[in-house]
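Undergrad: predicted model and sequence below, questions to follow.
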Amino acid sequence: MREFLAMGGYAAFVWSCVGLSFAVFAGLMLTARRRLRSVRGRIRIRQRNAAPDEGSWELRA
Amino acid sequence: MRIGLAVLRNEFLIYFKKWIHIIVNIAFFIFSTSLFSLVAGLEQELLAEWGAGVIWVVALLSMLLAMPLLFQPDREDGTLDLMLLSAVDPAWLALAKAAANWCVFGLPLVLLSPLLGASYGLEGIALLVLPATLALGTPALILLAAVAAALTAGLRRGVGLLALLVLPLALPILLFGVRATELAADGFPAGAPLMMLGAFLLAALGLLPWAAGAALRATAN
Amino acid sequence: MRLPNWLHKFASPPHFYRIAARIEPWMLWSGLAAIAVGAFGGLLLAPPDYQQGDAYRIIYFHVPAAYLAMQLYALMAIGSAIGLIWRMKLAYAIAAAAAPVGLAFTGLALATGMLWGKPMWGAYWSWGDARLTSVLVMFFLYLGYMLLHASLEERSTADRAAGILAVVGVVNLPIIKFSVEWWSSLHQGPTISRLAAPAITWDMLWPLLVMVAGSVLFSMAVTLTRARAEVLLRERSARWVRDAAEACA
């Protein structure tokens, strides 16, 4: 186990690459989801605010 | 074509009215290159080695400095939109404007470069190759910058973004221009990189006015 | 030239939105599973390299990132080109979605490349290496695309303008690569003996392939999620968007 963690003396380089990569993977996943959620939220808010004066858009469609 | 020439003539008239910009540009070029040589210390060998690179980089920056003049005034007062509404191909429009811009802001750099090269200790054939590289490279740079200028014409303080868009794309021209001068300074034939620069220029002339025209259309109001 | 009809049908935003939502979790989880398997195989099962020792294991993280940096740039440029030629909103949405993902992978490729360079050629950075320099240029092209897109207020203008930039950039990238190679072949920099085409054995190769495949799946899933958000923004006033936004809170 200790041998595995030491990576033949290159531990700092190898493990920082591993760490960075997983940080990027996690970051991409979270930011993408958050973006979709926030866009949906914004559209919902817009829609609620717009609905009363716009009349019944269901009828128009 | 005839409309292109008319645009060209008009551009010249406008630029000569704004002659202060031309002086500022030339002064910036001369002073920035001298600044580098002052900072680098007075070792002659070091200066000769760096001369081509410094002159090229400063030439690139001083041309970028003038780029907002290309489309922004015309966009702001609506001239550009009128021109786009007319039957003129926007590619010809972009080409004519870029050509005028090069004559006013690029050509002086080409003519001044042997002088600055000499002040950096370049000698002999290198003093001919340096302006030759600039003469081939700067028109291609202007065309590249014209695309970026068209893309950012609507932005208030777009010059920083413009530089960010142009600099990575300008890398090949810069590398070949500097390398040709270095080869000539070291006594090697510099024909190959010069021909590459010529090829870049031809490709730029063929493709970039069209891209700049499309960019003008895309960002039109 | 016209696009075939089936493509138009597929590219209709509501259809894309629905299909993307359905396939996206599969891609995401299978991608993550493959990444886990590949990382396990690369870090534990693969034998150490006889020249580079264990440092070569960075390859399992560097190569997928570098590969995706290029692929996503291609996706961004092709999406932009399709958008410019056929005025297709969905293509722009995909291009805009690919940019931040590509930027992240390009940054990762640069960082892992530097961390690999230090033990192998003694320096984090070498300007003589054409690959490093052209990846750096690509990083700035991604950045330029995103900044231009963000600074133009109207979305359709931003799509077109940034699209032109992406297309100009993709034509330029091979030229940049070539020029830096030519430049460094004349400037005799430090002799770089990285990856002097060693015959890579199957034990070392399979985790790499699994890793690349997993990363591709993962990045496609993330790009699809972002593309869905971009589609919603571009179709804000369409009826299906109201339903979609209401349906999944």
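TA: Thanks, I have the structure now.
Undergrad: quick check, pLDDT for the residue lying closest to C:Leu43 once chain neighbours are set aside.
TA: Nearest non-adjacent residue to C:Leu43, counting by CB to CB, 6 or more residues apart in numbering or on different chains: C:Arg57, 5.8 Å away. Just so you know, the C-beta spots here come from the backbone N, C-alpha and C atoms, and that holds for glycine as well. For C:Arg57, the pLDDT comes out at 88.
Undergrad: ok, now C:Pro25?
TA: For C:Pro25, the model assigns a pLDDT of 94.
Undergrad: just give me how far the helix or strand harbouring it sits from the chain centre.
TA: Applying DSSP states H and E as the criterion places C:Pro25 in helix C:13-40. Distance of helix C:13-40 from its chain centroid, counting by CA atoms, centre = their mean, to the nearest Å, is 16 Å.
Undergrad: neighbours of C:Asp243, how many?
TA: 10 (other CB atoms under 10 Å in any protein chain shown).
Undergrad: residue contacts, C:Asp203?
TA: C:Leu45, C:Ala46, C:Pro47 (CB atoms under 8 Å, 6 or more residues apart in numbering or on different chains).
Undergrad: can you rerun that using 7 Å?
TA: Neighbour list for C:Asp203: C:Ala46, C:Pro47 [criterion: CB atoms under 7 Å, 6 or more residues apart in numbering or on different chains].
Undergrad: list the contacts of the least confident helix or strand in chain C by mean pLDDT.
TA: Least confident helix or strand of chain C, by mean pLDDT, DSSP states H and E, is helix C:5-10 with a mean of 73. Applying CB under 7 Å, 6+ apart, the contact partners of helix C:5-10 are C:His15, C:Phe16.
Undergrad: quick one on the thing from earlier: what packs against the helix holding C:Pro25?
TA: With contacts taken as 3 or more CB pairs under 7 Å, 6 or more residues apart in numbering or on different chains; DSSP states H and E, helix C:13-40 sits against helix C:89-121, helix C:202-234.
Undergrad: the last one vs helix C:89-121, what angle?
TA: So that's helix C:202-234. Counting by axes from the mean of the first three to the mean of the last three CA atoms, to 10 degrees, helix C:202-234 lies at 150 degrees to helix C:89-121.
Undergrad: any buried residues in helix C:202-234, and which?
TA: C:204, C:206-208, C:210-234 (16 or more other CB atoms under 10 Å in any protein chain shown).
Undergrad: let me know the average pLDDT across it.
TA: Per-residue scores along helix C:202-234 average to 93.
Undergrad: and that helix, how far out from the chain's middle?
TA: Going by CA atoms, centre = their mean, where helix C:202-234 is centred and where its chain is centred differ by 9 Å.
Undergrad: on that earlier part again, tell me how far the least confident helix or strand of chain C is from the chain's mean position?
TA: With CA atoms, centre = their mean, you get 25 Å for helix C:5-10.
Undergrad: ok so, going back, which element follows the helix holding C:Pro25 toward the C-terminus?
TA: helix C:59-86.
Undergrad: which residues of chain B score low on pLDDT?
TA: Low-confidence segments of chain B (pLDDT under 70): B:42, B:221.
Undergrad: B:Pro73: how many residues sit nearby?
TA: 14.
Undergrad: if I've got this straight, it is in a helix?
TA: Yes. B:Pro73 forms part of a helix when assessed by DSSP: H, G, I helix; E, B strand; the rest coil.
Undergrad: what is the burial count for B:Pro172?
TA: 24.
Undergrad: pop out the phi and psi values for B:Asp140.
TA: Just to correct that, residue B:140 is Ala rather than Asp. Backbone torsions of B:Ala140, given as degrees, to the nearest 10, read phi -60, psi -40.
Undergrad: which residues touch it?
TA: Neighbour list for B:Ala140: B:Ile173, B:Phe200, B:Leu201, B:Ala204 [criterion: CB under 7 Å, 6+ apart].
Undergrad: hmm, try it at 8 Å
TA: B:Ile173, B:Leu197, B:Phe200, B:Leu201, B:Ala204, B:Leu205, B:Leu208.
Undergrad: now do B:Ala148
TA: B:Met67, B:Leu162, B:Leu165, B:Val166, C:Leu165.
Undergrad: which one of those sits closest to chain A?
TA: C:Leu165 (21.9 Å; CB to the nearest CB).
Undergrad: ok but the closest one is inside a strand, no?
TA: No. Assessed with three-state DSSP, C:Leu165 is helix; it does not lie in a strand.
Undergrad: number of nearby residues for it?
TA: 27.
Undergrad: one more: C:Ala96?
TA: 29.
Undergrad: so it makes contact with C:Glu230?
TA: Yes. Counting by CB atoms under 8 Å, C:Glu230 is a contact partner of C:Ala96 at 5.0 Å.
Undergrad: what about the helices in chain A?
TA: Assigned by DSSP state H, chain A shows helices spanning A:2-6, A:11-54, A:57-60.
Undergrad: so which of the ones you listed is nearest B:Gly158?
TA: Among the helices of chain A, helix A:11-54 comes nearest to B:Gly158, with 26.1 Å by CB to CB.
Undergrad: not counting its neighbours along the chain, what's nearest A:Val24?
TA: C:Leu108 (4.8 Å).
Undergrad: sec struct for the closest residue to B:Ile173 other than its chain neighbours, please.
TA: Of all residues beyond its chain neighbours, the one nearest B:Ile173 is B:Gly137 (4.7 Å), with distances taken as CB to CB, 6+ apart. At B:Gly137, secondary structure determined by three-state DSSP is helix.
Undergrad: burial count for B:Gly137?
TA: B:Gly137: 29 surrounding residues under other CB under 10 Å.
Undergrad: how about the contacts made by residue 17?
TA: All of this refers to chain A. So A:Cys17 contacts C:Ile58, C:Phe61, C:His62, C:Ala111, C:Thr112, C:Leu115, C:Trp116 (CB under 8 Å, 6+ apart).
Undergrad: my question was about chain C, not that one.
TA: Contacts of C:Tyr17 (CB under 8 Å, 6+ apart): C:Arg228, C:Val231, C:Leu232, C:Trp240, C:Ala244.
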